[in-house]
Structures are given as C-alpha cells and as structure tokens.
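Q: Starting from these lines, generate the structure:
(one chain, ligands or ions: 1)
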Amino acid sequence: MALNGAQRSVTILGSTGSVGMSTIDLLDRAPGRFAVEALVANTNVERLAEQARRLGARLAVVADPSRFRDLKQALSGSDVEAAAGPQAVIEAAARPAEWVMAAIVGAVGLPATMAAVDRGALVALANKESLVCAGGLMTAAAARSGATLLPVDSEHNAIFQVFTGRRIEEVERLILTASGGPFRSFDRKRMSDVTPREAVAHPVWDMGAKISVDSATMINKGLELIEAHHLFGVPEERIEILIHPQSVVHSLVAYVDGSVLAQLGTPDMRTPIAYTLAWPQRMATPSARLDLARLGQLTFEAPDATRFPALRLARESLQAGGGAPIVLNAANEVAVKAFLEGQIGFLDIAAAVEDTLARESIPAIGSIADVMALDGVARAHARSLLRRRNVVQLA
Ligand SMILES: NC(=O)c1ccc[n+]([C@@H]2O[C@H](COP(=O)([O-])OP(=O)(O)OC[C@H]3O[C@@H](n4cnc5c(N)ncnc54)[C@H](OP(=O)(O)O)[C@@H]3O)[C@@H](O)[C@H]2O)c1
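A: The predicted structure is shown next:
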C-alpha cells in the first residue's frame, strides 16, 4: 500500500470547499506522503491556483469555462497544467490517481464521481447527492470496476469503521445520529422567520452553505438515510435517526446479539477524511481529543417529524424507489438556492420538495444519463412550482 513508502497519488474534486480544504490541511501536515494529481473547483480560481502551486499539483481545473483565462494567469510560471469546463472536470477524475476525494456539492458532481468509480479508484465519498441520485448504479459500477467507496460523511464513516468485515445478516439496525441543526428546539412559527444567515450558522459543524441549510431543515439526515441504505445494503425500515446535539457519537450499528458498536470523536471532519485518506491504515490528525469526563454528559432524543417534514419525505422517496430520490434531491437543491438568495422562506424549502415529489411522474432509472435527465426535469418542475406558489421570482 502506498503509505508504506511510495506516495499515494490523490485528486480532490471540490478542493476549494469546506471538505476540500480540510483534506488539503491534512495533506499539508503530511509532507511527502501524498502526490497531488488534480484539483478541481467551480469558480474560485484564486484559491485553486494557490492550492495547486503550493501542493505541486499536475492539473488544476475550473468548471466554469469563463474563468479559464484567470486560472491560466494565476498559474503562469508554474508547472501546473490548467483546464476548464464540465468535461475537463470528468477527465480530471478519470486521471490515474489512486485516491479521489469526491467533494463537489450537489448532483452536478455525479459524472466526475462516476468517472473515478468506473476506473476502480479508492473514492472518498463526500458528495452525498451523487449517491442519493445514483446509489444503485454507483455501487454496481464499483462492484464491476473494483472501486472502493470510502464514506466521508462522519455518520457513514463511523458505521464503516464498526461495520467492516461483518456480515449484513448480523446487523439489526443502523442508527444515524443527527445534531438537530440550529433550529432543533424552534417551533414552526419561529422557523418561518429564520434568515439564511441563521440557517448557515450550524451549532457544531463548520460546513458549506448548502449542507448547512440541509442540516437546518434536516433533509441532510434524510439524504444520509438514503446514502446509508446504498452504502451498507440495509433496508430503510432498519435505519433509525437519533438526535444527539453534541455530535460526539457519530453513529451506531446494532447487531443481532444485542451489541451496539459506535464510533466517537470530537466534531471535526478531518478525522473521517483522514480515515479515508490513509485507508486501510490510520494517520495522525490535529483534531481536538475527546475528553468525556470534561464533557460530562451526552444526550439523545427522538427526531420530530412534524416540525421537520423533510425527514419523512426522504423516507417516502426511498420507499417509492426508482427516480424518486433524484426528484427529492433536485427540488431541494433548487429550493435551498432560492432560500439562500432570499427568494423564499425557510419552511418553503420542504414544501417545495413535497410539491415537486407529488406532481412529478417518477420513471425507472437505468443509466447515469437517465439520472441527469430526470434531475434536469425535476429542477425545471421545482422552479415552476415555486413561481406558481407566487413566493419567488425565479428567472
Ligand atoms: N462540509 C462538511 O463538513 C461536509 C460533511 C459531510 C458531507 N459533506 C458533503 O460534501 C460535499 C461538499 O460539501 P462542502 O460543505 O465542502 O461544500 P462547499 O464548501 O460549498 O464546497 C463545494 C466545492 O465544490 C465545488 N463545486 C461546486 N460546483 C461545482 C461544479 N459544477 N464543478 C466542479 N466543482 C464544483 C466548489 O468550488 P468553488 O469553491 O469554486 O465554488 C467547492 O470546491 C457536499 O455534497 C456535502 O453534502 C460535507
């Protein structure tokens, strides 16, 4: 394995985001252990070029073609190759890095994530939307190509750590923990007034804007439920959600003999990322160490599906199967963007998802092209529903 001597080659899709920067922080702390093949961002060429120069990446890609000239300029005088556009993003993932961090936000990250899976890479999977939309296709592709899916979400990483090597028949339940987000104790009336700024201020985790809003509506936990189903092959009715505001117990696996195994740690994404980066070994991280005596107590409570309807919607979409989770995800991405832009209220997000799911006809899905087509149709549908609800002036 590369970490025993040779360098491990790595590519980071979404290097300028929250997960991408935590990954780069770990690379910075382990000089000589990793060689960077490619870094990918959407528009942030300044940060991308700085990362690529500092880490000696072979390639830097910006998805937005209009930023190509700026990227070239920012990299001038270095040996880093520059490229731009959605196809270049996919080609970056297809280059022969041993390990790929899939940390683009949203379903737009699916084609590049699949390119890494199709060539049999170790794929550190943060981009949960791609698994939600194409879970069956992705796990089948990994089985064909020999790719290893290494979950980055702290909950799934926790389950992966206590699940590896066990047999699915031995598992009674998966228990995904959830912080409950910033509005855990708010009633619906109070939620109706919350602002984007309040929604992105997560009480425990420091994350990108979209996942922070998803945590506030709790659809993030619904997406994670779908993700867990695909990653671990456990049916929806055997996956539970448990509110745990301290985010110390990252998730649990209950076995048929009554044993319950959990993974614990302070809430710092560098711990699960490092687990995937060094896999199957471990590497040191600077994450704060867990001090249970100082913490004193850990608390748990059942989620409230009435105040957080997005949880129910995610369960229903998984039960419905076919393309329903694609529609759920697409409508949510459209609604979260509209909320962040101040065009709709917080409670309109789940309402828009529910409306779109109710009205969209859900076809069977047989290919990534089918996924992307339904994603596009559902987005258009969600936008027009929002317009018709007269709550938003979307272009
Ligand atoms: N943040 C966390 O702690 C956390 C934890 C678990 C799972 N996740 C999952 O990890 C993924 C990333 O989350 P994040 O919080 O890191 O998001 P983020 O901070 O918003 O970063 C998103 C990254 O994706 C890039 N990107 C966006 N659109 C792109 C496109 N069309 N093509 C190529 N690159 C694109 C962005 O580039 P620019 O900077 O140029 O816009 C940025 O590098 C999400 O799926 C999220 O659910 C995150």
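Q: Return the residues in contact with the residue of the chain found nearest the ligand.
A: Nearest to the ligand in the chain, going by CB to the nearest ligand atom, is Gly17, at a distance of 1.9 Å. All C-beta spots, glycine's among them, are computed from the backbone N, C-alpha and C. Going by CB atoms under 8 Å, 6 or more residues apart in numbering, Gly17 touches 41, 103-105, 208.
Q: switch to 6 Å and redo it
A: 103, 208 (CB atoms under 6 Å, 6 or more residues apart in numbering).
Q: Contact residues of the stretch 251-395 of the chain facing the ligand?
A: Met269 (CB under 6 Å from any ligand atom).
Q: the helices in the stretch 251-395 of the chain, which residues?
A: In the stretch 251-395 of the chain, the segments counted as helices under DSSP state H, counting those that start in this stretch are 270-278, 292-295, 309-320, 324-340, 346-359, 368-388.
Q: elements contacting the third one?
A: Yep, that's helix 309-320 we're talking about. Applying 3 or more CB pairs under 6 Å, 6 or more residues apart in numbering; DSSP states H and E, we find helix 309-320 packed against helix 219-232, helix 324-340, helix 346-359.
Q: Chain neighbours aside, what residue packs nearest to Glu155?
A: Ser251 (4.2 Å; CB to CB, 6 or more residues apart in numbering).
Q: burial count for that neighbour?
A: Neighbours of Ser251 under the rule other CB atoms under 10 Å: 27.
Q: ok, now the one 4 residues further on?
A: A total of 16 residues lie near Tyr255 under the criterion other CB under 10 Å.
Q: And Phe232, by the same measure?
A: Counted with other CB under 10 Å, Phe232 comes out at 19.
Q: Check it and give its pLDDT.
A: Looking at Phe232, its pLDDT is 95.
Q: before we move on, back to that, winner for burial among the helices of the stretch 251-395 of the chain?
A: helix 324-340 (a mean of 26; mean count of other CB atoms under 10 Å).
Q: mind listing what's buried in stretch 232-247?
A: 232, 234, 236, 239, 241-247 (16 or more other CB atoms under 10 Å).
Q: can you check stretch 255-262 too?
A: 255, 262.
Q: and for it, what are the contacting residues?
A: Counting by CB under 6 Å, 6+ apart, 162, 170, 172, 249, 252-254 sit against stretch 255-262.
Q: do the same with stretch 205-215
A: Applying CB under 6 Å, 6+ apart, the set of residues contacting stretch 205-215 is 17-18, 105, 181, 199-200, 202, 220, 267, 336, 340.
Q: TSV please, covering those residues and showing pLDDT.
A: Formatted as TSV, these follow (pLDDT from 0 to 100):
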residue	pLDDT
Gly17	98
Ser18	98
Val105	98
Gly181	94
Ala199	96
Val200	95
His202	85
Asn220	98
Pro267	96
Val336	98
Leu340	97
